[in-house]
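Q: I would like the atomic coordinates for the input below:
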Amino acid sequence: MHYRRLGRTELQVSAVGIGTWQLSGVWNKQFEQSEVEQILARARELGVNFIDTAECYGDHLAETLIGKAIAGQRERWIVATKFGHNTANDLGEENYAPRQVLEQLEASLRALRTDYIDIYQIHSASDERFDNDALWTMLDKQVQAGKLRYLGNSVAMPNMRHQVERSTHYGISVIQTIFNAVRGGARRHIFPLAREQDLGIIARVPLASGFLGGRYQPGHAFEHGDVRSWRPDEGRDREIARALEVLEQRPAGMAAATWANAWCLGYQEVATVIPGIKTVAQLEENAAAADVAL
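A: Next comes the predicted model:
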């Protein structure tokens, strides 16, 4: 495994981390605690030290599974989680209000079984909810109290330039964005602003929702329990077709997932990629990307 500096946080994160939306059960798989423990144990053997999760991944379910799995070894992990994008209650955008965010933070700390979070990210907020001095003042107080180490922003879409431009103003050090070989808009919208402010970049969905794994053809019928079944067929099929097209660049003999992650890591602005992982075998294919130079 190789490690990269996460912007001005100076944290050294593994080039390949672990995304955990799949632990919420919306990717057509329900996880047992033992499975999560097995995956994370193998990840540590491979040198992975970064986990990204969110309070809305099953209403703290993913955080709970992770917290139990890393109990007793918290110092070996860099843990990022998120707030605000909660669909488990009827508060809507009020989930970004300072008092509600503080409640979410305390619940995340309990679920993760920790007294601090390395990177706390606002999650897919509108500009109106993002531009809230009271929110960032409250979060800065949590940093001063030691409950948070750094603040981040998981932007809904790469073209949300206003929020990225305001990062330094609000004390944000890390930007999480969609970035993969199919959807590369972050190169235009986010990378230049990140360089100017020395922001660390976390690239999410590096496998384009699994389409860069090379297993799907246009017209594939995803089961109802799979979040990909919720997307309009035309747009999904177009993305699958594009994924198959770019995979033709892959060197012979290289696993598709390894190539897709390595493609992202070929950009020096990217500190880490966070593919969703369901099995140890998938973990190993993804982690192999750290040793590939494209």
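Q: which residues are contacting stretch 241-256?
A: 181-182, 208, 211-214, 216-218, 259-260, 285, 288, 292 (Cβ atoms under 8 Å, 6 or more residues apart in numbering). Any C-beta I mention is one placed from the backbone N, CA and C, and that applies to glycine too.
Q: how about that stretch as CSV, C-alpha atoms only?
A: In CSV, the C-alpha atoms belonging to stretch 241-256 read as follows (Å, rounded to 0.1, in the frame of the first residue of the first chain):
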residue,chain,number,x,y,z
ALA,A,241,-22.0,1.5,-22.2
ARG,A,242,-19.5,4.3,-21.5
ALA,A,243,-17.9,2.1,-18.8
LEU,A,244,-17.4,-0.8,-21.2
GLU,A,245,-15.9,1.6,-23.7
VAL,A,246,-13.3,3.1,-21.4
LEU,A,247,-12.4,-0.4,-20.0
GLU,A,248,-10.9,-1.1,-23.4
GLN,A,249,-7.9,0.9,-22.2
ARG,A,250,-7.2,-1.6,-19.5
PRO,A,251,-4.0,-3.6,-19.9
ALA,A,252,-4.4,-7.3,-20.6
GLY,A,253,-4.6,-9.4,-17.5
MET,A,254,-5.4,-6.5,-15.1
ALA,A,255,-8.7,-6.8,-13.1
ALA,A,256,-11.2,-4.1,-14.2
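Q: for the record, mean pLDDT for that stretch?
A: Across stretch 241-256, the average pLDDT comes to 96.
Q: got the contact list for residue 95?
A: By Cβ under 8 Å, 6+ apart, the contact set of residue 95 is 83, 84, 85, 86, 89, 101, 104.
Q: cool, residue 182 as well?
A: 208, 211, 212, 239, 242, 243, 246.
Q: quick one on the thing from earlier: so which of the contacts of residue 95 comes closest to residue 188?
A: The shortest approach to residue 188 among those belongs to residue 85, at 24.5 Å (Cβ to Cβ).
Q: find the residue closest to that closest one in space, skipping its chain neighbours.
A: Spatial nearest neighbour of residue 85, excluding adjacent residues (Cβ to Cβ, 6 or more residues apart in numbering): residue 123 at 3.9 Å.
Q: so that neighbour is in contact with residue 57, correct?
A: No. Using Cβ atoms under 8 Å as the test, residue 123 is too far from residue 57 to be in contact (10.2 Å).
Q: can you give me phi and psi for the residue nearest to residue 85?
A: phi -120, psi 110 (degrees, to the nearest 10).
Q: contacts only, for it.
A: Contacts of residue 123 by Cβ under 8 Å, 6+ apart are 54, 56, 82, 83, 84, 85, 154.
Q: ok, now which ones touch the first one?
A: Think residue 54. Going by Cβ under 8 Å, 6+ apart, the list of residues near residue 54 reads 20, 21, 62, 63, 81, 82, 83, 85, 121, 123, 154.
Q: in helices, which of those residues fall?
A: Among those, DSSP state H puts 62, 63 in helices.
Q: follow-up on the earlier one: show the buried residues in the contacts of residue 95.
A: With burial judged by 16 or more other Cβ atoms under 10 Å, the buried subset of these is 83, 84, 85, 86, 101, 104.
Q: what would those look like in a markdown table with pLDDT?
A: Compiled in a markdown table, the buried ones among the contacts of residue 95 are given as follows (pLDDT from 0 to 100):
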| residue | pLDDT |
| --- | --- |
| 83 | 97 |
| 84 | 94 |
| 85 | 86 |
| 86 | 79 |
| 101 | 97 |
| 104 | 96 |
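Q: include distance to residue 37 when you put those residues into a markdown table, please.
A: Output for those, formatted as a markdown table (distance: Cβ to Cβ, whole Å):
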| residue | distance to residue 37 |
| --- | --- |
| 83 | 26 |
| 84 | 29 |
| 85 | 27 |
| 86 | 26 |
| 101 | 30 |
| 104 | 25 |
